[in-house]
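Below: sequence and its predicted model.
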Amino acid sequence: MAGHGSHKALPEWLHNRQTKGTDVSEDFAGCCSMTPDLVKRLGLVKELEGHTGCVNCIQWNSNGRLLASGSDDKTVIVWDGLVGRRMARVETPHEGNIFSVVWMPGADDQLVGTGAGDCRVCILNVETGATVKSVIGHQGRVKRLTTAPDSPGVVWSGGEDGLVRQWDLRERWSMDSSNVLVNLTHHAGRGAEVKCVSICPSRSELIAVGANDPFVRVFDRRMITCSRLDPSAIPDTECGAVAYFVPGHLPGVEAAFHRKLRPLTSTYITYNKDGTELLCNLGGEQIYLYDKFAMYSTSAPINLAVIQNCDKRQVPANNGLKNGQSRTAFKNLPADVEALKLQANSEFEAQDYSKAVYLYNQAISHHATPHPILCGNRAAALMKRKWDGDIYAAFRDCLSALFLDPGHIKAHLRLAQCLTELDWLPEATKCLDNFKLKHPEHKKSAAFTQREIDLNAALEKKSAASNRTGAAASSASPPPASSPVLSQYSAASFLRSDDDQVEAMDSDDDSDDDAVRPPSSPILHPGGISSRLGNISSEHSKQEFEFRLKARDYSARFLGACNTTTDIKEANFLGRNGQFIMAGSDDGKFFIWDRKTTNIVKVLVGDEAIVNCLQGHPTAPILATSGIDPVVRIWQPRPEDGQENTRAVGDLEAAASSNQRRMNADPFETILMNMGYRMNVDEEPGDANEGAVQCRPS
């Protein structure tokens with residue numbers, strides 16, 4: 001058996017155990033706790049019945065023997081998750097739906113904490129059924145609790161009143177307690193809501209906070225003095241924030257998502273077990289991973305070099321160019337990677353762009369170092385597929401290709417197209433001007449001419465819209481601005497390998513007929529200041545302004561699930577080493593992705609309506625899920641006995657495509673679906689119910 005991401009076979013593992021003893025046990029358990037073969041065999045083994053309402057939260061205890069669940073029926077049930085037996089049922093003081101349940105560290109698995117829609121935080125003894133602590137601690141629904149293994153008796157709560165509060169069992173609990181750790185309303189405005197919180201397991205002084213906007217904020221508790229809730233108090237000038245994270249294409253577009261009834265909201269955030277990666281399920285969009293390079297880099301900001309220094313490192317027109325890229329600095333791709341690339345090119349030519357992206361992802365993962373051919377080709381496929389965020393992902397790939405090969409003509413032209421489609425028009429103009437200076441022999445080509453036509457059409461459309469709005473409205477609006485986060489990073493930031501400490505794809509570019517290096521001086525980068533800040537106003541603090549300017553971009557994204565209906569939908573790591581990513585979906589399915597390739601590897605039907613919760617067992621290849629159905633489901637690898645797994649979805653691509661269409665459905669149809677009407681928004685002509693998704697609201 002080989003661990004995922006490891007080339008070791010079982011005999012090698014056994015030899016290492018004999019020679020190194022227990023030193024390799026943790027490595028073995030991490031690599032082999034969940035492998036591709038085990039994921040492939042996952043199936044339903046138990047349904048735990050006992051609740052009478054939706055099961056909104058589940059959590060294993062530290063050794064994986066017990067599983068706690070909280071429900072709309074206002075009860076907490078403790079299960080023996082491995083046997084499937086109910087151990088205890090606790091009636092809680094809550095008068096609203098329970099949204100979060102956690103095991104209290106240092107309590108010998110006797111105490112659990114709960115947060116609910118009645119604004120109350122409770123500590124319950126699951127052995128006696130007694131309520132140890134209970135307080136109406138928020139002025140909005142309590143959506144998430146979190147704990148730290150090294151802080152026994154302490155629990156943190158996040159509520160829709162914009163507060164994160166720290167509760168200690170040794171202290172008296174009240175609404176007036178001096179335990180407000182974070183008050184987002186002081187920094188992000190009166191409408192700020194805390195939707196989720198998570199403590200970093202390796203550095204418990206760090207707490208990540210997700211809100212009703214696309215930003216994830218990380219605070220250092222050592223820099224914060226807890227205080228009483230005083231609406232009249234002047235906000236502290238130091239908020240304790242150490243980093244903000246946001247996908248680079250989302251600040252500034254929040255209003256557009258609201259109009260589509262897809263508010264951008266972090267519905268769940270979690271660290272991996274080492275605290276080196278932070279995963280965010282962003283409601284209304286996709287699932288994003290911020291890795292150790294994004295989280296802990298302290299290098300000076302590096303800006304992009306798309307539109308300057310165009311006279312340096314020029315590639316002569318006759319210097320080995322073929323199909324729009326220079327090849328002199330790169331060896332041929334290895335045979336296995338070349339085969340994947342050729343397969344992907346064939347799928348691209350057949351206009352199966354999702355399959356092409358899938359294969360390019362595999363090729364890039366297989367290749368030891370980044371390669372401009374693979375990056376450039378994947379960018380072309382992403383630009384054709386156009387799922388949410390694909391254009392921005394293609395933009396990043398174009399930067400990577402140009403950083404590796406400044407003479408990559410197709411990547412340069414694709415970059416201009418991405419900038420145009422992202423509506424970053426001043427930068428698109430400069431990008432094309434740069435191309436004319438760098439490649440004058442191609443400025444009359446059909447591809448370049450088409451980019452100019454597209455850009456001019458976009459400029460005219462924007463000018464017409466501005467004229468309709470009128471001078472008064474425009475004077476009240478912030479100036480056009482640039483994309484977020486990327487001012488921190490050069491293209492090298494997208495080219496990291498696992499061996500890098502901090503920093504960092506075409507043999508022939510067959511996929512399309514269509515130069516970038518770190519700059520020596522700062523430049524404006526795509527989108528301007530106001531876009532980078534998002535929906536900023538006078539209510540936002542100076543610190544909020546500054547940290548949004550320095551927000552860090554994502555490292556990887558995972559597509560396929562739909563998250564527009566509930567605001568408690570989780571995304572989690574699967575496997576002790578986080579080899580896989582899993583998340584629930586509005587179509588009643590849950591998706592599992594390969595962490596390295598970001599490809600979907602398994603889709604299972606987990607609920608009659610919506611899967612909200614997924615929690616992997618801490619040591620075994622087992623996971624628990626819950627959602628709208630009043631049951632908890634336990635999944636583990638099925639025996640290889642030839643029996644059909646009726647819960648498995650065969651066409652993974654169709655399931656993902658269906659959800660992308662659902663996310664972009666007409667807002668009126670979305671309203672009807674959320675009222676329970678069965679709409680066929682997922683059907684394409686001739687599909688006749690194939691892959692249709694029928695969700696009910698929670």
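Received it, and whenever you're ready, just let me know what you need. Numbering: from 1, shown residues only.

Show me the shaky parts of the stretch 1-150 of the chain.
Residue ranges of the stretch 1-150 of the chain with pLDDT under 70: 1-8, 10, 22-23, 25-26, 29-30.

whoops, I mixed them up, the stretch 251-400 of the chain
Ranges of the stretch 251-400 of the chain meeting pLDDT under 70: 297-330.

Which stretches in it count as helices?
254-259, 292-296, 335-349, 353-366, 372-385, 390-404 (DSSP state H, counting those that start in this stretch).

and what of the stretch 1-150 of the chain?
10-20, 25-32, 36-40.

name the helices or strands packed onto the first one?
Applying 3 or more CB pairs under 8 Å, 6 or more residues apart in numbering; DSSP states H and E, we find helix 10-20 packed against helix 25-32. All C-beta atoms are positioned from the backbone trio N, CA, C, and that covers glycine.

which helix is the longest one in the protein?
For the chain, the longest helix by residue count, based on DSSP state H, is helix 446-469.

how about it: buried residues?
Buried positions in helix 446-469, judged by neighbour count with 16 or more other CB atoms under 10 Å: 447-448, 451-452, 455, 458.

ok, and what's touching that helix?
The contact list for helix 446-469 (CB atoms under 8 Å, 6 or more residues apart in numbering) reads 410, 413, 416-417, 420, 423, 425, 428-429, 432, 435-436, 442, 474, 513-514.

what about 6 Å?
Here helix 446-469 makes contact (CB atoms under 6 Å, 6 or more residues apart in numbering) with 413, 416-417, 420, 425, 428, 442, 514.

so which of those residues comes closest to K260?
T420 (21.6 Å; CB to CB).

Tell me the secondary structure at the closest one.
Classification of T420 by DSSP: H, G, I helix; E, B strand; the rest coil places it in helix.

Please verify my assumption that it contacts A428.
Yes - if you go by CB atoms under 6 Å, T420 and A428 touch, sitting 4.5 Å apart.

who has more neighbours, those two?
Taking other CB atoms under 10 Å, T420 and A428 do not tie; A428 has more neighbours (27 against 24).

So what's the residue count around the closest residue to the more buried one other than its chain neighbours?
Distances taken as CB to CB, 6 or more residues apart in numbering put L419 closest to A428, at 3.7 Å, once the chain neighbours are dropped. For L419, the count of nearby residues is 29 (other CB under 10 Å).

L419 contacts T429, correct?
No - the criterion here is CB under 6 Å, and L419 misses it with T429 at 8.6 Å.

for the closest residue to A620 other than its chain neighbours, what are its contacts?
Leaving aside its chain neighbours, A620 sits nearest to G64 (6.3 Å; criterion: CB to CB, 6+ apart). G64 makes contact with 617-619 under the criterion CB under 6 Å, 6+ apart.

quick one, what contacts the residue positioned nearest the centre of the chain?
The residue lying closest to the centre of the chain (CA atoms, centre = their mean) is Y288, at 1.6 Å. Neighbouring residues of Y288 by CB under 6 Å, 6+ apart: 247, 280, 282, 554, 557.

What distance do you get for it to Y554?
4 Å (CB to CB, to the nearest Å).

what residues are shared contacts of the two?
Joint contacts of Y288 and Y554 (CB under 6 Å, 6+ apart) are P247.

With distance to D108 and mean neighbour count added, can I get the helices of the stretch 251-400 of the chain in a markdown table?
A markdown table is the format used below for the helices of the stretch 251-400 of the chain (distance: least, CB to CB, whole Å; neighbours: other CB atoms under 10 Å):
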| stretch | distance to D108 | mean neighbour count |
| --- | --- | --- |
| helix 254-259 | 45 | 14 |
| helix 292-296 | 33 | 20 |
| helix 335-349 | 51 | 19 |
| helix 353-366 | 43 | 23 |
| helix 372-385 | 51 | 28 |
| helix 390-404 | 47 | 28 |
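
For V76, find the nearest of these.
Of the helices of the stretch 251-400 of the chain, the one closest to V76 (CB to CB) turns out to be helix 292-296, at 33.1 Å.

Please put the alpha-carbon coordinates of that closest one into PDB.
What follows is helix 292-296, C-alpha atoms only, in PDB (Å, rounded to 0.1, in the frame of the first residue of the first chain):
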ATOM      1  CA  LYS A 292       2.100  28.100   4.600                       C
ATOM      2  CA  PHE A 293       3.500  30.400   2.000                       C
ATOM      3  CA  ALA A 294       0.500  32.600   2.000                       C
ATOM      4  CA  MET A 295       0.100  32.400   5.800                       C
ATOM      5  CA  TYR A 296       3.600  32.900   7.100                       C
END
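
which helices and strands does it pack with?
Applying 3 or more CB pairs under 6 Å, 6 or more residues apart in numbering; DSSP states H and E, we find helix 292-296 packed against no helix or strand.

ok, back up a step: quick check, nearest of the contacts of Y288 to P201?
Once CB to CB is applied, the member of the contacts of Y288 that ends up nearest P201 is C280, at 16.4 Å.

Just the C-alphas of the longest helix of the chain, formatted as CSV.
C-alpha atoms of helix 446-469 as CSV (Å, rounded to 0.1, in the frame of the first residue of the first chain):
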residue,chain,number,x,y,z
ALA,A,446,-5.3,38.0,-35.9
ALA,A,447,-4.9,37.1,-32.3
PHE,A,448,-3.6,40.5,-31.3
THR,A,449,-6.2,42.3,-33.4
GLN,A,450,-8.9,40.4,-31.7
ARG,A,451,-7.6,41.3,-28.2
GLU,A,452,-7.7,45.0,-29.2
ILE,A,453,-11.2,44.7,-30.5
ASP,A,454,-12.3,43.0,-27.3
LEU,A,455,-10.6,45.7,-25.2
ASN,A,456,-12.1,48.6,-27.2
ALA,A,457,-15.5,47.1,-26.9
ALA,A,458,-15.1,46.8,-23.1
LEU,A,459,-13.9,50.4,-22.9
GLU,A,460,-16.9,51.6,-24.9
LYS,A,461,-19.3,49.6,-22.8
LYS,A,462,-17.8,51.0,-19.6
SER,A,463,-17.9,54.5,-20.9
ALA,A,464,-21.5,54.2,-21.9
ALA,A,465,-22.4,52.8,-18.5
SER,A,466,-20.6,55.7,-16.9
ASN,A,467,-22.5,58.2,-19.0
ARG,A,468,-25.8,56.7,-18.0
THR,A,469,-24.9,56.8,-14.4
